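sequence first, predicted model second:
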Amino acid sequence: MHDISSPSNLVTPASPTLQPLAPHIQSFHNVLKHMIAAGHNVSDLIFSPGRPPQVELTGDLEPVPIAGLEMLKPPHIKAFAEIMLAHSEQGQESFEKLGSADISYGVPGLCRFRVNIFKQRGSHAIVMRVIPTTPPNWEDLDLPPGVMSSAGLKNGLVLVTGPTGSGKSTTLAAVISMINATKKYHIVTIEDPIEFIHDHNLSTIHQRELHSDTPNFALALRAALRQAPKVILVGEMRDRETIEVAMEAAETGHLVLSTLHTVDAAKTIDRIIGVFPKNEEPVIRTRLSQSFRRIVSQRLMPKVGGGRIAAIEILVSNSRTREYIEKGEKEGRSITDAMNDGALDGMQTFDKVLERYIREGLVTRETAMAYASNATNLALAISDLDQDARDAAVALQQQQQQDAAPSSPGDIQIDGFER
């Protein structure tokens with residue numbers, strides 16, 4: 001177990017400043033380093049009263065033994081929170097007024113974190129998402145061509161959607177990295193908080209963080225239209241104003257990348273249209289159909305043999321999908337059907353990807369069914385595997401029966417003599 005200073009020494013003043021916290025910062029950083037070292041795939045660090053420090057490894061929480069912190073107490077977590085909040089006036093204000101704060105925090109030589117500090121049952125709790133020190137290498141991620149081709153688009157709206165922790169930020173960072181490596185563009189990102197740090201390469205990249213560099217997404221997005229970027233990344237389209245300005249930017253020649261917390265392409269379209277008044281729906285449908293280029297939806301799931309694998313659904317703009325968005329889905333005209341028929345354009349559905357994963361042995365049938373959009377249709381698609389399994393079982397049974405059959409009389413040997 002890793003030893004740190006006495007837990008009582010980690011309790012800090014109620015109003016933290018960096019100087020009095022200095023002796024405690026190194027102890028806190030030692031805790032973080034020990035937790036990161038718990039495995040190769042640590043995604044989150046969690047501090048909760050009554051539990052030891054925990055890390056999330058491939059979807060499961062695992063305790064990390066640290067001397068003096070076998071069971072976290074409220075003063076421990078409060079001390080950790082105050083160390084991180086000392087770097088963020090906005091975070092302190094948000095925590096006091098709203099009961100939670102989103103901030104970024106970096107440890108030199110280790111990594112950066114996206115941090116949420118929140119109140120629960122009268123005490124503090126902390127969740128820290130691990131952010132690698134360098135953006136993901138797009139060549140190593142093995143993303144589908146329909147995703148990486150987004151880097152070659154000149155304009156329009158590209159949305160990456162999925163639940164929290166599904167890898168949306170990683171996918172967008174990979175697209176930005178590819179643009180940075182291949183295009184001489186001006187790129188502006190607006191994030192809450194900044195996650196991956198992008199160095200200038202062929203492109204020039206300016207990264208703005210909510211609250212420290214700009215008060216909100218919509219204001220920063222409007223300002224970006226006057227900053228001559230070719231590419232704009234908006235961390236999340238949270239409200240009507242941000243969505244409207246993002247579409248305006250896409251319509252005026254910018255490539256706009258952003259995220260939404262929606263489960264698939266069809267729900268993403270519904271969410272965007274749903275934030276506007278009903279009387280504006282025809283106009284919004286037309287604008288969205290003309291401005292969108294890709295809707296990429298992701299789901300992370302357990303992989304056979306350990307780790308996780310992403311299933312990715314891709315909706316690409318073509319005449320058929322634009323018509324379905326503009327006029328709406330109805331019987332015989334669904335977004336899912338368009339994606340199933342659009343492989344040549346780089347489109348794919350979750351269930352087709354899951355079927356392939358099952359056949360390749362990458363995920364179990366049970367896992368795939370749990371993550372499928374339509375489990376019944378997926379079961380029908382892999383029904384031939386059931387027949388193959390039955391045929392194999394029958395063949396094995398017949399072979400076992402043959403092996404167990406008695407030998408012919410001519411083969412029987414008694415007392416060393418053959419009869």
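That came through, no problem.

what about the spatially most central residue of the chain, distance to residue 101?
Centroid-nearest residue in the chain, with Cα atoms, centre = their mean: residue 167, separated by 1.9 Å. Residue 167 sits at a distance of 24 Å from residue 101 (criterion: Cβ to Cβ, to the nearest Å). (Each C-beta comes from the backbone N, C-alpha and C, glycine too.)

wait, residue 66 sits on residue 34?
Yes: assessed by Cβ atoms under 8 Å, residue 66 is found in contact with residue 34 at 5.9 Å.

re the thing from before, what residues are up against the residue nearest to the centre of the chain?
Going by Cβ atoms under 8 Å, 6 or more residues apart in numbering, residue 167 touches 298, 300, 310.

one more time with 10 Å, if that's ok
By Cβ atoms under 10 Å, 6 or more residues apart in numbering, the contact list for residue 167 reads 43, 136, 141, 143, 160, 173-174, 298-300, 308, 310, 312.

what does residue 61 give?
Counted by Cβ under 10 Å, 6+ apart, residue 61 has contacts 44, 46, 48, 51, 54, 55.

if we only consider the residues you listed, which is nearest to residue 286?
In terms of Cβ to Cβ, no member of those lies closer to residue 286 than residue 44, at 41.0 Å.

okay, now the domains of this structure?
Domain assignment of the chain by automatic domain parsing yields the ranges 7-131, 138-348.

point out the most buried one among the ones you listed.
domain 138-348 (a mean of 19; mean count of other Cβ atoms under 10 Å).

got any ranges where the chain has weak pLDDT?
Within the chain, the segments meeting pLDDT under 70 span 1-23, 388-398, 400-401, 404-419.

dump the domains of the chain into CSV; add distance to residue 375 as well.
Listed next are these as CSV, based on distance: least, Cβ to Cβ, whole Å:
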stretch, distance to residue 375
domain 7-131, 20
domain 138-348, 13
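
right, so of the ones you listed, which gets closest to residue 361?
domain 138-348 (6.0 Å).

show me how far that closest one is from its chain's centre.
13 Å (Cα atoms, centre = their mean, to the nearest Å).

between the two ends of that domain, how far is it?
20 Å (Cα to Cα, to the nearest Å).

for residue 102, helix, strand, or coil?
Under DSSP: H, G, I helix; E, B strand; the rest coil, residue 102 falls in the strand class.

which residues does it contact?
Counted by Cβ under 10 Å, 6+ apart, residue 102 has contacts 88, 90-91, 94-95, 114-118, 192-193, 210-211.

ramachandran coordinates for the closest residue to residue 146 other than its chain neighbours?
Of all residues not flanking residue 146 in the chain, residue 346 sits nearest, at 3.0 Å (Cβ to Cβ, 6 or more residues apart in numbering). With angles defined as degrees, to the nearest 10, residue 346 sits at phi 90, psi 10.

so residue 346 is in contact with residue 153, correct?
No: Residue 346 lies out of contact with residue 153 (Cβ atoms under 10 Å); the separation is 12.0 Å.

hey, what's in contact with both of the two?
By Cβ under 10 Å, 6+ apart, the residues touching both residue 346 and residue 153 are residue 294.

in this structure residue 224 contacts residue 189, no?
Yes: with contacts counted by Cβ under 10 Å, residue 224 reaches residue 189, the gap being 9.3 Å.

what residues are shared contacts of those two?
Joint contacts of residue 224 and residue 189 (Cβ under 10 Å, 6+ apart) are 206, 208, 231, 232, 233, 234.

what bridges to the third one?
Counting by DSSP bridges, residue 231 forms beta bridges with residue 187, residue 255.

for it, give me its contacts.
Residue 231 neighbours (Cβ under 10 Å, 6+ apart): 151, 153-155, 158, 175-176, 179-180, 183, 185-189, 203, 205, 224, 254-257.

on that earlier part again, from the shared contacts of residue 224 and residue 189, which is closest to residue 271?
Of these, the one sitting nearest to residue 271 (Cβ to Cβ) turns out to be residue 234, at 15.0 Å.

so how far is residue 302 from the closest one?
For residue 234, the distance to residue 302 - Cβ to Cβ - is 31 Å.

now do residue 281
For residue 281 relative to residue 302 (Cβ to Cβ), the value is 39 Å.

ok, now residue 206?
Residue 206 sits 38 Å away from residue 302, going by Cβ to Cβ.

related to what we said a few turns ago, for residue 384, find the nearest of the domains of the chain.
That would be domain 138-348 among these, by Cβ to Cβ, at 18.1 Å.

helix, strand, or coil at the residue lying closest to residue 361 once chain neighbours are set aside?
Nearest residue to residue 361 in three dimensions, chain neighbours excluded: residue 304, at 6.0 Å (Cβ to Cβ, 6+ apart). Assigned by three-state DSSP, the conformation of residue 304 is coil.

on that earlier part again, and the two most separated of the contacts of residue 102?
Checking the contacts of residue 102 with Cβ to Cβ, the most distant pair is 118 and 210, at 17.6 Å.

ranges for the strands of the stretch 201-350 of the chain?
204-209, 231-234, 255-260, 292-302, 308-316 (DSSP state E, counting those that start in this stretch).

report the angle between the axes of the third one and strand 292-302?
Think strand 255-260. 40 degrees (axes from the mean of the first three to the mean of the last three Cα atoms, to 10 degrees).
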